[in-house]
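Q: Here's my sequence, what's the structure:
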Amino acid sequence: MGRSRSRSRSRERRYNPDGGRYGRSRDRYDDGRSDELVMQVQKQQQAARLESWQNPHGMPNWTQTSGSLNPNVGNVAGILETPAQQQERKQREIYVGNLAVGVVTKEVVEEFFNQALSHLVADPILTPPVVSVKMEGSGRFAFVELRTRDISDQAMLMDKIVEIYGRYINVGRPKGYIENYVPPVDVEDSGPKIPTEIKPAEPTKYLLLSNILPAKELKSEEMRDNLVSAVKDEAGEHGKVDSVAVPPPPESWDDRGPGRAYIKYKSKKDAIEGHRVFHTRTLNDSSIYARYVSENEFEQAAQGTWVDRTKPDNGLDLPGLYTTARYASGVSGLAVISPTLAPLMQGLPAAKEVLASVILDEEVPFEEGWIKIRGFAQNISKDDIAAIFKDAGTVSHDDIKLVHSADGTNLGEAYIHIHGPDAKLRLALAKDGRRIAEHKITLEVFTAFEADVERRIFSGCQMR
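A: From the prediction side, this is the model:
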């Protein structure tokens, strides 16, 4: 039996990706819209074929547009959350089914719900309704995490009365949702604790001059001996020096990586003066980082051991920062840097500033690549964006792609290419959640690939 066309038009709504609006549509069988819709469908089909470009590293097909799913570091949005945090997320999540396979992409789903629910948030650009989208491998359905439980309640009203590309979507609750759920009082107190401040390292008699020269120049014994003499003479002009050690960099160490020289002073007072003299000083264009270290680290260095400095004693382990391990597209920067801490840092600006204070910039490996940013105001210029990421590598105007909708609306997103001989992509990812005081914004930073830019263009977006 054919479907009756007498369906109440008051209940029939559909998503129009061309106009970027959520509202009443003409009848589904009206041929007047066919030409324009066919063009959009063709674009979406091209985008679907480009899915294979999205993961050039061969990651699994589960991806997120703005969440923290990463096959290399674990599902931060699930496995590494406490039970209470998992349940709270379930209460904000919805299931969206009956999607047009090969036509509806995760970007379409995200844009649709962001536009349809934009009136429920204070600022749709800085804090959009959608937190993340997870598409099922074939594209038949998706799970959408929304910003609040109230927003998810409103999304439920769209069940079977709203169309995306001519198909009524099914909207429901995910498995594990609890009706009338009341969160436990101690949700925020469960799980690992994050310090809200870290005191500066206590002065010791032992000082490390990190990045004093590129590691390549210290792989020969003769060069290390010359540096020992030079550092001992220079340090001796500002304090009493006991000894100097320059350990050989391991063969696996990047030639451009930081070389090290350790100084053992006669007293803490001498070391404090040495820190004042050497910190941020340059030698052959290398900016020196002077850091206090323990007696044990100095003794190891004196014996020729290259100490692993990426595991600080402050408890903030950052396994994804000092590596070039592969990741998927759409992973939040914090989830890449520290999958364990990322979910616990949500809503804790002080903790994110602490994170910034303990990063050893010189130890972060050289790496080029792309990032996606979100949460910046429309009046921020490309010069402002380039300045924010200048410590991560070369960023010119041409490297910044501001995303606009088909009708020219600034979507408050941008793709940025971090490159150059000194590029450190993970320093850019580490800015995720960072408060940029001069612009009064909190950045959201995600992993991305060049193919993501191409896919957004094929989906109808403009890059300016």
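Q: Confirm for me that residue 263 is in contact with residue 246.
A: No: between residue 263 and residue 246 no contact is recorded; they are 10.2 Å apart, counting by CB atoms under 8 Å. To be clear about C-beta, it is placed using only N, CA and C from the backbone, and glycine gets the same treatment.
Q: Pull up the overlap in contacts between those two.
A: Common neighbours of residue 263 and residue 246, counting by CB atoms under 8 Å, 6 or more residues apart in numbering, are residue 231.
Q: Wait, residue 377 touches residue 439, no?
A: Yes: taking CB under 8 Å as the definition, residue 377 is a contact partner of residue 439 at 6.8 Å.
Q: Which helix or strand in the protein has the lowest average pLDDT?
A: strand 69-70 (a mean of 33; mean pLDDT, DSSP states H and E).
Q: Tell me the buried residues in stretch 409-416?
A: By 16 or more other CB atoms under 10 Å, the buried positions in stretch 409-416 come out as 410-416.
Q: Turn the residues you listed into CSV, including distance to residue 272 and secondary structure.
A: Below are the buried residues of stretch 409-416 laid out as CSV (distance: CB to CB, whole Å; DSSP: H, G, I helix; E, B strand; the rest coil):
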residue, distance to residue 272, secondary structure
410, 50, strand
411, 50, strand
412, 46, strand
413, 46, strand
414, 43, strand
415, 45, strand
416, 39, strand
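Q: Let me know the closest of those residues to residue 143.
A: residue 413 (21.3 Å; CB to CB).
Q: residue contacts, that closest one?
A: 372-374, 402-403.
Q: ok, it to residue 98 distance?
A: Here residue 413 is placed at a distance of 27 Å from residue 98 (CB to CB, to the nearest Å).
Q: now residue 143
A: Residue 143 is 14 Å from residue 98, by CB to CB.
Q: now do residue 286
A: Distance, residue 286 to residue 98, by CB to CB: 59 Å.
Q: quick one: which of those two has more around it?
A: residue 286 (18 against 15; other CB atoms under 10 Å).
Q: Quick check: closest non-adjacent residue to residue 418.
A: Leaving aside its chain neighbours, residue 418 sits nearest to residue 393 (4.4 Å; criterion: CB to CB, 6 or more residues apart in numbering).
Q: Give me the neighbour count for that neighbour.
A: Around residue 393 there are 23 other residues, counting by other CB under 10 Å.
Q: where's the closest residue to residue 439 other than its chain neighbours, which helix or strand?
A: Among residues not flanking residue 439 along the chain, residue 380 sits closest, at 5.9 Å (CB to CB, 6+ apart). For residue 380, there is no host helix or strand (DSSP states H and E).
Q: if I read this right, residue 214 contacts residue 256, doesn't it?
A: Yes: counting by CB under 8 Å, residue 256 is a contact partner of residue 214 at 5.6 Å.
Q: The two - which one has more neighbours?
A: The neighbour comparison of residue 214 against residue 256 (other CB under 10 Å) goes to residue 214, with 18 against 12.
Q: pLDDT below threshold where in the stretch 1-150 of the chain?
A: 1-81, 122-123, 126 (pLDDT under 70).
Q: give me phi/psi at residue 293?
A: phi -130, psi 170 (degrees, to the nearest 10).
Q: ok, now which ones touch it?
A: So residue 293 contacts 204, 206-208, 262 (CB under 8 Å, 6+ apart).
Q: returning to that earlier point: nearest to residue 159 among the contacts of residue 413?
A: residue 374 (28.0 Å).
Q: quick one, what contacts the closest residue to that closest one other than its chain neighbours?
A: The shortest distance from residue 374 to any non-neighbouring residue, by CB to CB, 6+ apart, is to residue 444 (4.3 Å). By CB under 8 Å, 6+ apart, the contact list for residue 444 reads 66, 332, 373-375, 432-433.
Q: Over to residue 281?
A: 287-288.
Q: Could you pull up phi and psi at it?
A: Phi and psi for residue 281, reported as degrees, to the nearest 10, are phi -70, psi 150.
Q: thinking again about what came up before, just the ones of the contacts of residue 413 in helices?
A: Applying DSSP state H to the contacts of residue 413, no entry is found in helices.
Q: which ones among these are found in strands?
A: Of the contacts of residue 413, the ones assigned to strands by DSSP state E are 372-374, 402-403.
Q: can you give me the helices for the stretch 151-300 of the chain?
A: For the stretch 151-300 of the chain, the helices defined by DSSP state H, counting those that start in this stretch occupy 221-236, 268-278, 295-302.
Q: Quick one: closest of those to residue 93.
A: helix 295-302 (45.8 Å).
Q: Which parts of the stretch 251-400 of the chain are strands?
A: Per DSSP state E, counting those that start in this stretch, the stretch 251-400 of the chain carries strands over the ranges 258-265, 282-283, 286-287, 289-292, 369-374, 400-404.
Q: No more questions from me, cheers.
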